[in-house]
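Student: Predicted coordinates and the sequence they were generated for:
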Amino acid sequence: MITFTDVTKTYPGQKRPALSGVSATIEDGEFVFLVGPSGSGKSTFLRLVLRETRATSGQVVVDGRDLGRMRGWRIPKLRRGIGTVFQDFRLLPGKTVHENVAFALQVIGRPGRDIRRTVPATLEMVGLADKADRLPEELSGGEQQRAALARAVVNAPRILLADEPTGNLDPSTSVGIMKLLDQINKDGTTVLMATHDSTVVDQMRRRVIELSNGELIRDQAQGVYGYQ
Ligand SMILES: Nc1ncnc2c1ncn2[C@@H]1O[C@H](COP(=O)(O)OP(=O)(O)OP(=O)(O)O)[C@@H](O)[C@H]1O
């Protein structure tokens, strides 16, 4: 569970807060869209969940832990339970698809036999089993995002944060990525996705949290994108 209680975040040297008095609870297994204009605070919300930044005031709690009070040595464990995907994929350019996904397990010390079993199954799930030996530059944008998704979920995180994952994709490719996110969510992962993609939000009809100038102005079950 992710709980924000009256969270305000003001970056150093800034007058206006990036987030202001935001309260919301995201239950385990939910799928939530975070929408709002550029600069409204969506990425800041996601960064707070990852403890990449800390709230200036208020409380962010993830799986029962108050991130404002979390000791530094606990942060890697927090982040191991949270998969991330971004608009620009962020695959390692010199590594194949298989190596990119396997690397996510190697860095957390998973044994080779686990890796040999888990990686092919995950690539199968995202439909890239036949492209495991390709380099990222040899893939389409949609395939690169599938590889990034495989890497994000290969260690079965409880939470998946997606920051504009369809931002660089054409509409039909985006549909495929959203189907995958939907499947990952149905398999039990909590999904929190920041997006400008109104078509995707309107088609999925999931909970929508809307930010404007750092304030939460709408929290709607089975919502729509709702602003121009
Ligand atoms: N590291 C930082 N230092 C100072 N100000 C920042 C920093 N990161 C973000 N901001 C400011 O905080 C506000 C919210 O930014 P944020 O990136 O969270 O918005 P966003 O909704 O994700 O925008 P976009 O849709 O363009 O990605 C903006 O005014 C931005 O300029």
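Tutor: Cool, the structure landed.
Student: And the helices in the chain, which stretches?
Tutor: Along the chain, counting by DSSP state H, helices occupy 42-49, 75-80, 97-106, 112-125, 141-153, 171-186, 198-204.
Student: Tabulate the ones you listed in a markdown table, adding columns for mean pLDDT.
Tutor: Putting these into a markdown table (pLDDT from 0 to 100) gives the following:
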| stretch | mean pLDDT |
| --- | --- |
| helix 42-49 | 98 |
| helix 75-80 | 96 |
| helix 97-106 | 97 |
| helix 112-125 | 96 |
| helix 141-153 | 96 |
| helix 171-186 | 94 |
| helix 198-204 | 93 |
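Student: between those helices, which one is nearest to the ligand?
Tutor: helix 42-49 (3.2 Å; Cβ to the nearest ligand atom). (C-beta placed from N, C-alpha, C; glycine too.)
Student: Can you get me a residue count around residue 60?
Tutor: By the criterion of other Cβ atoms under 10 Å, residue 60 has 23 neighbours.
Student: Tell me which residues touch the residue lying closest to it once chain neighbours are set aside, please.
Tutor: Take residue 60 and drop its neighbours on the chain: the residue closest to it by Cβ to Cβ, 6 or more residues apart in numbering is residue 67, 4.6 Å away. Residue 67 makes contact with 48, 49, 51, 54, 55, 60, 61, 78, according to Cβ atoms under 8 Å, 6 or more residues apart in numbering.
Student: Who wins on neighbours among these?
Tutor: residue 48 leads the contacts of residue 67 on contacts (other Cβ under 10 Å) with 25 neighbours.
Student: ok, what's across the strand from the most centrally placed residue in the chain?
Tutor: Geometric centre of the chain, nearest residue: residue 161, 1.4 Å, by Cα atoms, centre = their mean. In this entry, residue 161 is beta-bridged to residue 84, residue 192, by DSSP bridges.
Student: tally of neighbours for residue 147?
Tutor: So residue 147, with other Cβ under 10 Å, has 26 neighbours.
Student: Residue 133 too?
Tutor: 10.
Student: picking that back up, can you list the helices of the chain in JSON lines and add distance to residue 91?
Tutor: Listed next are these as JSON lines, based on distance: least, Cβ to Cβ, whole Å:
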{"stretch": "helix 42-49", "distance to residue 91": "19"}
{"stretch": "helix 75-80", "distance to residue 91": "18"}
{"stretch": "helix 97-106", "distance to residue 91": "5"}
{"stretch": "helix 112-125", "distance to residue 91": "13"}
{"stretch": "helix 141-153", "distance to residue 91": "6"}
{"stretch": "helix 171-186", "distance to residue 91": "15"}
{"stretch": "helix 198-204", "distance to residue 91": "22"}
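Student: how about these, which one is nearest residue 133?
Tutor: Among those, the nearest to residue 133 by Cβ to Cβ is helix 97-106 (6.5 Å).
Student: Is there any residue in stretch 77-94 that contacts the ligand?
Tutor: No: using Cβ under 6 Å from any ligand atom, stretch 77-94 stays clear of the ligand, with a minimum separation of 8.7 Å.
Student: Likewise for stretch 29-46?
Tutor: Yes: interface with the ligand: stretch 29-46 contributes 36, 38, 39, 40, 41, 42, 43, 44 (Cβ under 6 Å from any ligand atom).
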